[in-house]
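Peer 1: Any chance you could fold what I've pasted below:
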Amino acid sequence: MVEGSMTQGAGQGPAMRTETLRDFRVPVIEPAPYAVSAGLPDEAPVYGEYPAYYEEGARSVPAQPGYTPQPATRPAAPPAPHHEAYTVHEAHEVHEVTEPDPRSEPDDDLDGYTPTYRDLPVIGRGALGGPGDTVQIQYVPQDLAAAGPGPLYVVGDVHGYLDELVTELHAQGLIDAERRWSAGNARLWFLGDFTDRGPDGIGVIDLVMRLSAEAAAAGGYCKALMGNHELLLIGAKRFGDTPVSSGAGTATFQAAWLLNGGQRTDMERLQDVHLQWMSRLDAAVLEEGHLLLHSDTTAYLDYGDSIEDVNDTIHELLNRNDADITWDLFRKFTKRFAFRDEETGPGAVRELLGTYGGSRVVHGHSPIPYLLGEVGTEDGDESRGPEAVDGPHVYADGLAIAMDGGVTMAGKLLVVQLPLSD
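Peer 2: All right, here's what the predicted structure looks like:
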């Protein structure tokens, strides 16, 4: 399999599990513009089985000469937590990257950790239920653990399956029965792809945003990486049916989003605060020797020689608000299977680790059944279903850990603690 394909899901529909097809592709013919639902009580979303097209060799956006990252500005510190309810308010969309103040970054002593602007949604002390409120944050005092970082957890692709996510987080002791953070100073990383295919992508984002504030108040943190479906949703909202250049011909973000599992209810509930949160997510991070990424691709190397450079460059490009540039980002992060080949895969992982550090890559994006060759074949035979997935897949000479358990394929949504016991 050539690196560069992506799975897709069905289109609009009620809360039901949809099969993930093999390849993420781009429509050759533009569909009718996206119609926003009137929101009638009896109006049911309609599922469709969409063929999708994605071709290799799409024209890349030319390199931007003279690129200079936006200067960093120091964000205002969020208010200190009180024993009362807080609300997350919708904020106006911004197009300039704001970097966190290094002095606000956590160190080995998490007792004094202050959440950074990039980590958290905007928190204000407005009246509960007031205009612009998205989620409510209830601070529940917890006993802070001893000095030092707490256990590290990672979450694979969620794709709108909120109930499954809640079940797995609760099983790991990260949230309580009321879906509140209960893990003290634990550290939790989501590997991206919160929406599309499943029934409640916006509900997933709202939960992660709220948990990020609650975890910080308890001395831990809950953070997330940018996946290709975040780029897809941002593009569909910003650019709609604006034509973009594709190797398959003229394409649009709107059409690609619909053909790859975009849910109408997610688009109807998408607010500026969600777009801001997604656009500020980092693409890569190094945690205790684990290089966390969304996609199993070497495309990250195109954006810088350090993790900081990669994240800054992607944020700067995304904030140019240009359809072709955003499409090129999206196209590159749909690539997959760079580590799967027994001969070349370990070398690809070592190239990433040699550049960015760490001893293992941990990624989502490619469902484990695909990596194991358990679903279909290259000639389109989809007669086989996914075998049971009961945990992460370690491969590429033990250098890579795959975390997408294939929840969209009746698989398992994975939440695991690192390092693995293997």
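Peer 1: can we go C-alpha only for contacts and neighbour counts from here?
Peer 2: Noted.
Peer 1: Can I take it that residue 261 is in a helix?
Peer 2: No - according to DSSP: H, G, I helix; E, B strand; the rest coil, the state of residue 261 is coil, so it is not within a helix.
Peer 1: Was I right to think it contacts residue 197?
Peer 2: Yes - here residue 261 reaches residue 197: they are 4.1 Å apart, a contact under C-alpha atoms under 8 Å.
Peer 1: which helices and strands does the helix ranked longest in the chain pack with?
Peer 2: Ranked by residue count, the top helix of the chain under DSSP state H comes out as helix 201-217. Secondary-structure packing of helix 201-217 (3 or more C-alpha pairs under 8 Å, 6 or more residues apart in numbering; DSSP states H and E): strand 133-138, helix 162-171, strand 221-224, helix 264-269.
Peer 1: between the ones you listed, which one is nearest to residue 253?
Peer 2: helix 264-269 (13.0 Å; C-alpha to C-alpha).
Peer 1: in that closest one, what's buried?
Peer 2: 264, 265, 266, 267 (16 or more other C-alpha atoms under 10 Å).
Peer 1: tell me which residues in the longest helix of the chain are buried?
Peer 2: Across helix 201-217, burial judged by 16+ other C-alpha under 10 Å covers 201-217.
Peer 1: Ok, stretch 341-356 next?
Peer 2: 341, 345, 346, 347, 348, 349, 350, 352, 353, 356.
Peer 1: Output the helices and strands packed on helix 201-217 as CSV; include the columns mean pLDDT and distance to residue 156.
Peer 2: Shown next, in CSV, are those (pLDDT from 0 to 100; distance: least, C-alpha to C-alpha, whole Å):
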stretch, mean pLDDT, distance to residue 156
strand 133-138, 50, 23
helix 162-171, 98, 10
strand 221-224, 98, 11
helix 264-269, 97, 20
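Peer 1: same question for the longest helix of the chain, mean pLDDT?
Peer 2: In this model, helix 201-217 carries a mean pLDDT of 98.
Peer 1: Residue ranges in the chain under the pLDDT threshold?
Peer 2: The model of the chain has pLDDT under 70 over residues 1-147, 375-387.
Peer 1: Ends of stretch 223-243, what's the gap?
Peer 2: 33 Å (C-alpha to C-alpha, to the nearest Å).
Peer 1: What of stretch 392-403?
Peer 2: Chord length of stretch 392-403, first to last residue, is 5 Å (C-alpha to C-alpha).
Peer 1: List the buried residues of that stretch.
Peer 2: 392, 393, 394, 395, 396, 399, 400, 401, 402, 403.
Peer 1: Nearest to residue 229 among those residues?
Peer 2: Of all those, residue 229 sits closest to residue 403, with 16.0 Å by C-alpha to C-alpha.
Peer 1: Residue 149 and residue 183 touch, don't they?
Peer 2: No - using C-alpha under 8 Å, residue 149 is not in contact with residue 183; the gap is 12.0 Å.
Peer 1: Can you show me the strands along the stretch 101-250 of the chain?
Peer 2: 123-124, 133-138, 152-155, 187-190, 221-224, 244-246, 249-251 (DSSP state E, counting those that start in this stretch).
Peer 1: Quick check: can you name the pairing partners of the third one and their directions?
Peer 2: It refers to strand 152-155. According to DSSP bridges, strand 152-155 forms sheet pairs with strand 187-190 (parallel), strand 415-418 (antiparallel).
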